[in-house]
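Novice: my questions concern the predicted model and sequence given below.
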Amino acid sequence: MALNLSTLRNIMRNDSGIATDVVRLEQIVWILFLKIFDTIEENLEFTVDGYTSIIPDKYKWRNWAPSKDENGKNKSDTLTSEKLLSFIDELFKALAELPVTPNTPKGQARVRDVFKSGINNYSKNGKILREVIDYINENVDIDDAKERHAFGEIYEEMLRLLQAAGSAGEFYTPRTLTNFIVEKLDPKLGERFADFTSGTGGFLTSALNYMSRDGRTDEKAIQNYQNAVFGQEWKPLPYLLSIANLFIHGIYNPNIINGDSLTLYKDDVKDNELFNVIGMNPPYGGSSDSEILKNFPANMRSSETADLFIILIMSRLAMGGRAGVIIPDGFLFGTDGAKKAIKEKLLKDFNLHTIIRLPGSVFAPYTSIATNILFFNREKANGAPEGYSTKETWIYRLDMPEGYKHFSKTKPMTAEHCQPINQWWTARTEIPDLNADGETIGYKSKCYSVQQLIATNCNFDLCKFPKEEEEVLPPDELLAQYHRRRAQLDQKIDDVLGKIQQKLGI
């Protein structure tokens, strides 16, 4: 695998239409997507009798992208410069309008969905675009298993670059956390795993990697693997990334929908709409469309989107199912009407067995929001009191590792940092916080009965982190934090102004 992202980014910097890393990466990914999909189709044409592509021959990668023939000689009809740019415009329009019916295989339908979602070609220089296409065509080969593994690592590098790009990083969850949560949920082949805000597909691919350890290669196991995951994502770039990510992991008909996941909530959920395992990191903050809110129970209509996703998860979890969800601190300590009602339902109808409190800098420097992981099952715990499915909830606080003041881009959270939780997980012992005199002043880990949780007015803000003096960040991180917060504030102001203008008909 000779693909080098730095080389690609350097080539594209000479194109005036591609000014930022986010744009550069979007450009790289749609090109990679078409290359990968064409490789998959060539394999299917060879292995599946009567396979017919949804893409007209003119727009298949193999027929327009390569600038050399099978003998390595330059083709005389290679598209470049203005002709290439014109063709790409035509290509995008054609792919966005592909005819899709209920019988269209999901993998083929996703091509239409991706190009209909809002993905763009930003290149203004056809010669540079030709150079990028040639570089990708010559350096990407996912047919070989070793090559595919190497490409998977490069793909992870692309996701890290997206995270570093700032505003685009909100849909990236560190692979350490997705792997840890999936491991604790223990999805098995034959079960269905879902992430309703699947972003770039991190939870889905962690689940696929975990289930592939099963090792079975019989026809039923292969079919179970192909149908193992479901996702939904409304932003064009992460949606494109997630589809390509599943292609790389051997899912030829990825079941990922482009759209607002909260529209999935409804009271009458059919059995085939339920999932055995759900792993998620829902978006925090913001407010949902008032029409969508009307679909939720009146006493649970929260303005916090993360709260609404907890309701959605509860509605879509099958009996005996397991969920692991990253949630902000606000959910734990909030005791207003909606939050309290949601938490009461969680305790009554589900077994909330574990809460892991994460260090505040897990997502640093991209957000300072403190987060936690809720683990709950749709089952009644043995010994749970009348009217409740939860008997007790263990809360464990993961402290910063020794020698760390905070995680950062150069010192991110790794799998090694989850070892204290792994060691504690089975034994489940209470761990007191002691002062200099050996007196208990709090708890790092403690078990709370459901009665104790109810008595707190459903305030789960327990096993808190010790108070420390506010850390002074290095100047570059402090400045970056300021710009992020300023951008977030500007976006909120724009959203409010937009709603006002909409109501006024301006």
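Specialist: Alright, I've got the coordinates.
Novice: okay, CA-based contacts and neighbour counts for the rest of this
Specialist: Noted.
Novice: wasn't Thr52 part of a strand?
Specialist: No: assessed by DSSP: H, G, I helix; E, B strand; the rest coil, Thr52 does not belong to a strand; its assignment is coil.
Novice: for it, grab the count of nearby residues.
Specialist: Look at Thr52: counted by other C-alpha atoms under 10 Å, it has 12 neighbours.
Novice: what residues are up against it?
Specialist: When contacts are counted by C-alpha atoms under 8 Å, 6 or more residues apart in numbering, Thr52 touches Glu45.
Novice: for Ile36, see how far away it is.
Specialist: 17 Å (C-alpha to C-alpha, to the nearest Å).
Novice: domains of this protein?
Specialist: 5-142, 260-466, 474-506 (automatic domain parsing).
Novice: which of these comes out lowest on mean pLDDT?
Specialist: Across the domains of the chain, domain 474-506 has the smallest mean pLDDT, namely a mean of 69.
Novice: circling back: which of the domains of the chain is buried the deepest?
Specialist: domain 260-466 (a mean of 18; mean count of other C-alpha atoms under 10 Å).
Novice: start to end distance for that domain?
Specialist: The first-to-last residue distance of domain 260-466 comes to 38 Å (C-alpha to C-alpha).
Novice: quick check: mean pLDDT of the helix or strand that contains Lys184?
Specialist: Per DSSP states H and E: Lys184 is located in helix 175-185. Per-region confidence: helix 175-185 scores 96 on mean pLDDT.
Novice: elements contacting it?
Specialist: Secondary-structure packing of helix 175-185 (3 or more C-alpha pairs under 8 Å, 6 or more residues apart in numbering; DSSP states H and E): helix 202-211, strand 275-280, strand 317-328.
Novice: what residues does that helix touch?
Specialist: Under the criterion C-alpha under 8 Å, 6+ apart, residues 202-203, 206-207, 210, 277, 279, 322-324, 413-415, 418 lie in contact with helix 175-185.
Novice: dump those residues into CSV; add distance to Glu42 as well.
Specialist: Below are the contacts of helix 175-185 laid out as CSV (distance: C-alpha to C-alpha, whole Å):
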residue, distance to Glu42
Gly202, 27
Phe203, 28
Ser206, 27
Ala207, 27
Tyr210, 28
Val277, 33
Gly279, 33
Arg322, 38
Ala323, 38
Gly324, 38
Met413, 40
Thr414, 38
Ala415, 37
Cys418, 42
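Novice: out of those, which is nearest to Lys464?
Specialist: When the contacts of helix 175-185 are compared for distance to Lys464 (C-alpha to C-alpha), Cys418 wins out at 18.1 Å.
Novice: make CSV out of the domains of the chain and add distance to Gly231.
Specialist: As requested, these are exported to CSV (distance: least, C-alpha to C-alpha, whole Å):
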stretch, distance to Gly231
domain 5-142, 12
domain 260-466, 9
domain 474-506, 26
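Novice: nearest to Asp195, of the ones you listed?
Specialist: domain 260-466 (5.3 Å).
Novice: how far does the closest one sit from its chain's centre?
Specialist: 18 Å (C-alpha atoms, centre = their mean, to the nearest Å).
Novice: got the contact list for Leu91?
Specialist: Here Leu91 is in contact with Tyr59 (C-alpha under 8 Å, 6+ apart).
Novice: and Ile18, how far is that from Phe115?
Specialist: 19 Å.
Novice: ah, wrong one, I meant Leu208
Specialist: Taken as C-alpha to C-alpha, the span from Leu208 to Phe115 is 25 Å.
Novice: one step back: buried residues in the helix holding Lys184, which are they?
Specialist: 175-182, 185 (16 or more other C-alpha atoms under 10 Å).
Novice: contact partners of the helix or strand containing Gly330?
Specialist: Element membership of Gly330, judged by DSSP H and E, is helix 329-333. Under the contact criterion C-alpha under 8 Å, 6+ apart, helix 329-333 has outside partners 306-307, 339, 369-372, 458-461.
Novice: pull the most distant pair out of those.
Specialist: Longest span within the contacts of helix 329-333, C-alpha to C-alpha: Ile369 and Cys458, 20.8 Å.
Novice: show the residue spans covered by the strands in the stretch 401-506 of the chain.
Specialist: 431-434, 440-449 (DSSP state E, counting those that start in this stretch).
Novice: show me the contact partners of the shortest one.
Specialist: Residues outside strand 431-434 that contact it (C-alpha under 8 Å, 6+ apart) are 440-446.
Novice: could I get those as CSV with distance to Glu219?
Specialist: Listed next are those as CSV, based on distance: C-alpha to C-alpha, whole Å:
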residue, distance to Glu219
Thr440, 57
Ile441, 57
Gly442, 54
Tyr443, 50
Lys444, 47
Ser445, 45
Lys446, 46
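Novice: closest to Tyr225 out of these?
Specialist: Among those, and counting by C-alpha to C-alpha, the member closest to Tyr225 is Ser445, at 36.9 Å.
Novice: distance of the closest residue to that closest one other than its chain neighbours relative to Arg357?
Specialist: Distance criterion C-alpha to C-alpha, 6 or more residues apart in numbering; nearest residue to Ser445, sequence neighbours excluded, is Tyr396 at 4.4 Å. According to C-alpha to C-alpha, Tyr396 stands 6 Å off from Arg357.
Novice: which residues are contacting stretch 343-354?
Specialist: If you take C-alpha under 8 Å, 6+ apart as the criterion, stretch 343-354 is touched by 314, 374-381, 387-396, 450, 454, 458.
Novice: so of those, which ones are in helices?
Specialist: Within the contacts of stretch 343-354, residues falling in helices by DSSP state H are 314, 450, 454.
Novice: so how far does stretch 268-277 reach from one end to the other?
Specialist: 19 Å.
Novice: now do stretch 98-117
Specialist: End-to-end distance (C-alpha to C-alpha), stretch 98-117: 13 Å.
Novice: quick revisit: let's have the ones in helices among the contacts of stretch 343-354 in CSV, adding distance to Leu84.
Specialist: Shown next, in CSV, are these (distance: C-alpha to C-alpha, whole Å):
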residue, distance to Leu84
Met314, 49
Val450, 64
Ile454, 65
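Novice: fine by me, we can end here.
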